[in-house]
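how would this look folded up:
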Amino acid sequence: MTDFAPCLLIPIYNHGNTIREVVASLERFDLPCLIVDDGSDAATRAILDQIERDFRWVKIEHHAVNGGRGAAMRTGYLLAHRLGYSHAIHLDADRQHSADDVPKFLAALRENPKLFLCGKPIFDESAPALRLFGRKFSQGLVWLETLSLAIHDPLCGYRAIPTQSSVELLRKHPCGNGMEFDIEFAVHMVWRGVPVRNIPTRVRYFEGGISHFRHLWDTLRIARTHATLLLGMLLRSPVLIARKLRKTA
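Below you'll find the predicted structure:
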């Protein structure tokens, strides 16, 4: 694997009406792009097939059935590593994330290739109040679970990961298949001592946008994940506290 060989990574499930615009907005960066299709419908799959023909720098990996966001992200991380990419900058397929911020992630990775970069959302008036509350609640729990303020937003899907350390984590702890994946992955990266930096980025919610967040079921899964992580923090607290003291010293 070369020292610095980043790629773009996009998970998708039935966002056929927005994915081409997202891909086109990324063409200027001259980076390879991996799209993980998590069992989308026939219409979306047809659009993806056309995108792969039109954009030679795009490679698409298909799941036969929908496995959840976590399953798609895990496939993407493992695929990026297997293909020899040192880092993956991932963003969502629904246009919420601005391609204009890709250079920020690239610059930070060049400065320190070991960083785990998390998007720090800048919301406008389009952001639903309930979503904002949920993010703040998860943020507080993650601060407690890591005994640090390292992660500003554990739910933001705009991230950049070093593939080697990510694969090492996933081989030992695959993390959940659903929406809880981003939270669980971030906490475990902090537990493993991977340095974190938060990158400010604009996040927009569009009228009529498709959300796959199932409020009851996904909230229950996230709550269960937080309970497990809190227990894990108690078991790891001596190590986490010792690490914090060393940094302070």
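
can you confirm residue 88 is in a strand?
Yes: assessed by DSSP: H, G, I helix; E, B strand; the rest coil, residue 88 belongs to a strand.

can you pull up the bridge partners for it?
Assessed by DSSP bridges, residue 88 has beta-bridge partners residue 7, residue 161.

dump the residue contacts of it.
Contacts for residue 88 were tallied using Cβ atoms under 8 Å, 6 or more residues apart in numbering; they are 6, 7, 8, 9, 34, 76, 77, 80, 160, 161, 163, 166. The C-beta positions use only the backbone N, C-alpha and C, and glycine is treated the same way.

so is the fourth one in a helix, a strand, or just coil?
Pointing back at residue 9 there. strand.

follow-up on the earlier one: which members of the contacts of residue 88 come out as buried by neighbour count?
6, 7, 8, 9, 34, 76, 77, 80, 160, 161, 163, 166 (16 or more other Cβ atoms under 10 Å).

distance of the residue positioned nearest the centre of the chain from residue 89?
Nearest to the mean C-alpha position of the chain, counting by Cα atoms, centre = their mean, stands residue 157 at 4.1 Å. Distance of residue 157 to residue 89, given as Cβ to Cβ, to the nearest Å: 11 Å.

ditto for residue 198
Taking Cβ to Cβ, one finds residue 198 at 15 Å from residue 89.

Looking at these two, which is more packed in?
residue 89 (26 against 17; other Cβ atoms under 10 Å).

Chain neighbours aside, what residue packs nearest to that one?
Closest residue to residue 89 apart from its sequence neighbours, by Cβ to Cβ, 6 or more residues apart in numbering: residue 160 at 4.4 Å.

what about the nearest residue to residue 185 once chain neighbours are set aside, neighbour count?
Excluding the flanking residues, the one nearest residue 185 by Cβ to Cβ, 6+ apart is residue 175, at 5.0 Å. The tally of other residues near residue 175 (other Cβ under 10 Å) stands at 22.

Now do the same contact list for residue 175.
70, 74, 169, 181, 184, 185, 188.

Any buried residues in the lengthiest helix in the chain, and which?
When the chain is parsed with DSSP state H, its longest helix is helix 215-248. The neighbour-count check on helix 215-248 (16+ other Cβ under 10 Å) flags 218, 221, 222, 225, 226, 229, 232, 233, 240, 243 as buried.

for that helix, packing partners?
helix 129-146, helix 181-191 (3 or more Cβ pairs under 8 Å, 6 or more residues apart in numbering; DSSP states H and E).

relative to helix 181-191, how tilted is that helix?
Interaxial angle, helix 215-248 versus helix 181-191 (axes from the mean of the first three to the mean of the last three Cα atoms, to 10 degrees): 10 degrees.

okay, how far is it across stretch 146-158, tip to tip?
20 Å (Cα to Cα, to the nearest Å).

buried ones in it?
146, 147, 148, 150, 151, 152, 153, 154, 155, 156, 157, 158.

ok, residues contacting the one helix or strand in the chain whose mean pLDDT sits lowest?
Within the chain, no helix or strand scores below helix 129-146, which has a mean of 87 by mean pLDDT, DSSP states H and E. Contact with helix 129-146 is made by 121, 123, 149, 151-155, 183, 186-187, 190-191, 205, 219, 222, 226, 229-230, 232-233, 240, as judged by Cβ under 8 Å, 6+ apart.
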